[in-house]
Each structure stands twice: as structure tokens, then as C-alpha cells.
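K.L.:
A predicted structure for the sequence below; I have some questions about it.
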Amino acid sequence: MSSSKAQEIRVRIGPSPTGDPHVGTGYVSLFNYAFAKQQGGKFILRIEDTDQKRSSPESEQAILDSLKWLGINWDEGPDIGGPKGPYRQSERLELYREQVQKLVDSGHAYWCTCTPERLAEVRKRQLALKQPTGYDGHCREENHTAGVVRLRTPQDGQTVFTDALRGEIKIDNSEVDDQVLLKSDGFPTYHLANIVDDHFMGITHVIRGEEWISSTPKHILLYQFFGWDAPQFVHLPLLRNSDKSKVSKRKNPVSLEYFKEAGYLPEALLNFLGHMAFSFQDGREMYTLEEFVQEFKVERISLGGPVFDLKKLLWLNGRYLREKFSDTEFVSYIQKQLFSDNYLNQIIPLVKERVEKSEDFLEYADFFFKASVLTDPANYSLKSITEKRPLIKLYEALIEQIEALRPFDKDSLQATLRGFCEAEGLKTKELFMAIRWMVTGKKATPPLFETMAVLGRERCRTRMRQALGELKK
Ligand code: GLU
């Protein structure tokens, strides 16, 4: 890929802290990191927290922890402090507002006061007429000074950009929406903040997922309107399930926290993610991050839909454990992973009462350590909901709440689960028993909320999703 000699290579990732740290973030980070390190450049972490309602500090922390766990360290960004960080978009609002004003002044953007009701009506009409949906330009010629700011997309012509892997991509401007750039809460949208930051942070190459290709014309227009040079674009192929659908938590675990907790080694996960779009010329399957950095070439990224096949990851993980770990390392790994003082200290108070000799411990506490606790799916049924579909829907909604629960402790679990029963008109006793079966595989256990809190969010949600999978069969 071309780059002028004098220019420092600077790449970034821009995860949004709006949920679990996604395996896709690990994948995109790996490729950005490899490119930066190989070129003697900088890898920057920028937290894109412009969605005030959905962003949370816990989620940001989970992203940082997961990247550190993978061994992907950033050169600039949060946690580093000093003049180079932290890079959080919520802390740069003034910059975005100034830049938006420039676009309004030059006529490339305009204020729009359309209500959500009007926008919904426009959309409804467009759908009924089978027209492409998007803003109808109602406020384009008005001179409002409040509301939201929209991009004034040219009515004709094309926007063209080059993707390093896919070549030239052209799109008719008539298909590009008058995108909102500044929201009425004063926060920028992703598109505006992303472009302004890439420019001011001197980003030379944007390496990101394929799902952003359709947004790129808007970004190119913004670069043109600001009079800035655009970076080079590389869109990585999307990770897919074996049925070719985009990876999602409904089909596979996708949280980096899951992989960490379930006992996958970061080395194995990195190799697996590397294989998604790149192969070593000598066919090697296991390599260190440094070796990947050495071997990596943007030109050799393969676009053939990578399949996120967990069996392959398991196989690699097993090889790492057996081939790279001495017996002593294996012992300390298992101790740390499964029997840490911290975990045991939380379990003991829950089972102590029943244990008479040490051997009994496993009898009562086995489910704290197992990979799967599946039982007969009849245990997950509810008398009050006899049909399968509504039952599945109910559990989907419940799992969503469990996944979003932060902090994940006894009190928050109690409030959430009781609240759920009330909202759905369910008997607590019945639902709690089904949940108990799902998360422990047993009928009798220590108190449910305490037990779930010790198991932790990741184990609980994974087990509940596994149980749901059984119900769906
Ligand atoms: N905030 C976007 C994300 O969550 C960043 C996309 C980009 O790299 O431009 O993935």
C-alpha cells in the first residue's frame, strides 16, 4: 500500500463502549496493530462514546482490559494520560461543534427542525411507494439555527473512493442521505466525530470492518467539504457464522470476556482471528503476535468470507495448551483460571454449611467449574407458558437484561429478576427454578442471586444461551 516516506503511519480503532467488548474489536485491532508496528507507526485507541444513552464507563473498561489481555497495546489513548490521551469523543465536543459550524457557514450543512413524527411519516410514505428511505430535504432551504445539523449531499454526480483491497468504489450521490452530523443534544454523530478525529489525529490509514463501506461516501464528502485529504481505506471482511450470517451473540459467543473466562488463551484467539483474513506463506497455524507483525501484508488480506468456526479455535487452543505449556505451566494456568483464591473465597461461604469433609466440596460446588451444565430442556419449561415460541421470546428478553446488567451483584440480580417477573406477570418461584436449572444444572443449590453473582455475568449468560439453544431444538 502506498504511503509517502516522510509520513508517520497512524492507525486507530474506534470502539463504542456500548456493551460487551466484541470479538470483532479484537479482530480489527489485531490488523491495525500489525500494520502500525510493521511500519514503525502508531496504533491509537479512541473511544467513540457519542451515544450518551448507551455508552458506559464499565463497557469502556472492559474494552481496555480485553485488549490488554490479548496483548494488543496502544500507543495513544485512554489509560495512557498525558498530552496523548485520553481519547474519548465525549471530551472533544467543542471541537466537533466548531467544525460543524464551518460546514454550516460554507453551506455544506444546514440546520433541520423536523420532528421525529414528521420523519417517521416521510419514511412510511417512502416505504409505501417503494422508494429508498432517507431525509427528504424539507429544511434544506430554510435558515434555521436550531435542531440538528445535516450534511448537504450533492443532488447529482458520484462519490468515488478507493479501498486498498477492493479497488474503486462509486456511489451515486442521489443515494447518499443528508446525514445528521450534530444531534439536538449537542453531541456529534459517529460520521462527523470520526472524520474530524481522523483528521486532527493525523490518521493515515483507516482499517475497519466491511460494514462501514456504505458509510464511506458520506465520509469522503465530509473530507471534500472540509478541504482535507482523506486517509487510505482498508475494509476487512466481516466475521461470519457458518450459515454466512454476520456473527452475533444469538449464534455464537462474541464477547472477548467470554473467551477469557471460558479458558481460551489469548495466543490461540489471536491466531484464530488472524486466520480469519490472513495466512502465513509457509502455512503456519500457530504464531506469536511478533511473527504476525513481521509477516503481515495488507495486500495479502483475503476477502473470502471468514467463518467464525469455534471448533477451529478450540483445536488451536488445545494445541497451545499441550505444545506450548510445560506441565508446571499447565498447573499454574489451571490454578489461576479455575481455582483462584478470589473465586474460591466467593464460593466457600455459599457451600460451607453443607460440606462435612473436603471431598464433599465438589459434590456441591461442581457447577462453579463446569463448561456446560445442560440438563433435560423440560427443566426450563414454565407451566404458565406452554407454547414454545413465546417461551423462547421470553427467555431472549430475559437474557438481554442479564447481558446488560452492570454491576452484576446479588442486589441488582434480585431487582432485575423480580422486576422481570412482575412485568411479564410470572410467578417468581417458577421462573427462578428454571433459571436455577439453566445456570447450575441442578435443582438444589445455594441461594440463586448469590450463586449467579459468584458465577458472574459471562457464565450465566452463556449457560442461559446454551439452555435456550436446547429449547429451540
Ligand atoms: N465507532 C465505530 C465502531 O464502533 C468505529 C468505526 C470506524 O472504525 O470507523 O466500530
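P.N.:
Yep, that arrived.
K.L.:
contacts only, for the closest residue to S242 other than its chain neighbours.
P.N.:
Closest residue to S242 apart from its sequence neighbours, by CB to CB, 6 or more residues apart in numbering: V307 at 5.4 Å. C-beta: built from backbone N, CA, C; applies to glycine. When contacts are counted by CB atoms under 8 Å, 6 or more residues apart in numbering, V307 touches 240-242.
K.L.:
average pLDDT for stretch 234-241?
P.N.:
Stretch 234-241 shows a mean pLDDT of 93.
K.L.:
determine how far the last residue of that stretch lies from the first.
P.N.:
Using CA to CA, to the nearest Å, the end-to-end distance of stretch 234-241 comes out at 22 Å.
K.L.:
and it, how far from the chain's centre?
P.N.:
How far stretch 234-241 lies from its chain's middle: 14 Å, per CA atoms, centre = their mean, to the nearest Å.
K.L.:
do stretch 202-222 as well
P.N.:
18 Å.
K.L.:
who's in contact with the closest residue to the ligand within the stretch 201-350 of the chain?
P.N.:
Closest residue of the stretch 201-350 of the chain to the ligand, CB to the nearest ligand atom: R208 (3.6 Å). Listed by CB under 8 Å, 6+ apart, the contact partners of R208 are 13-14, 28, 234-236.
K.L.:
how about the residues of the stretch 201-350 of the chain by the ligand?
P.N.:
When proximity is defined as CB under 6 Å from any ligand atom, the stretch 201-350 of the chain approaches the ligand at 208, 212.
K.L.:
try 8 Å
P.N.:
206, 208-209, 212, 215 (CB under 8 Å from any ligand atom).
K.L.:
which parts of the protein are strands?
P.N.:
Applying DSSP state E to the chain gives strands spanning 10-13, 42-45, 109-112, 148-151, 158-163, 167-172, 180-182, 205-209, 232-236.
K.L.:
give me the buried positions along stretch 281-290.
P.N.:
287, 289 (16 or more other CB atoms under 10 Å).
K.L.:
let me know the closest of the contacts of V307 to I399.
P.N.:
N241 (18.1 Å; CB to CB).
K.L.:
I'd say the closest one and V247 touch.
P.N.:
Yes - contact criterion CB atoms under 8 Å: N241 and V247 qualify, at 5.8 Å.
K.L.:
what do these two both touch?
P.N.:
With CB under 8 Å, 6+ apart, N241 and V247 have common neighbours F308.
K.L.:
Q155 is in contact with V176, isn't it?
P.N.:
No - counting by CB under 8 Å, V176 is not a contact partner of Q155; they are 10.1 Å apart.
K.L.:
so for those two, which sits in the more crowded spot?
P.N.:
The neighbour comparison of Q155 against V176 (other CB atoms under 10 Å) goes to V176, with 20 against 9.
K.L.:
once you drop chain neighbours, what's closest to that one?
P.N.:
Computed as CB to CB, 6+ apart, the closest residue to V176 that is not its neighbour in sequence is T153, at 4.7 Å.
K.L.:
wait, that neighbour sits on I220?
P.N.:
No - in this structure T153 lies outside contact range of I220 using CB under 8 Å: 11.2 Å.
K.L.:
the residue nearest to K370 when sequence neighbours are not counted - how many residues pack around it?
P.N.:
Once flanking residues are discounted, K370 sits nearest to G441: 7.3 Å by CB to CB, 6+ apart. Using other CB under 10 Å, G441 has 18 neighbouring residues.
K.L.:
for the residue of the stretch 51-200 of the chain found nearest the ligand, give me its contacts.
P.N.:
Per CB to the nearest ligand atom, the residue of the stretch 51-200 of the chain with the smallest distance to the ligand is N194, at 5.1 Å. Shown in contact with N194 (CB under 8 Å, 6+ apart): 14, 48, 219.
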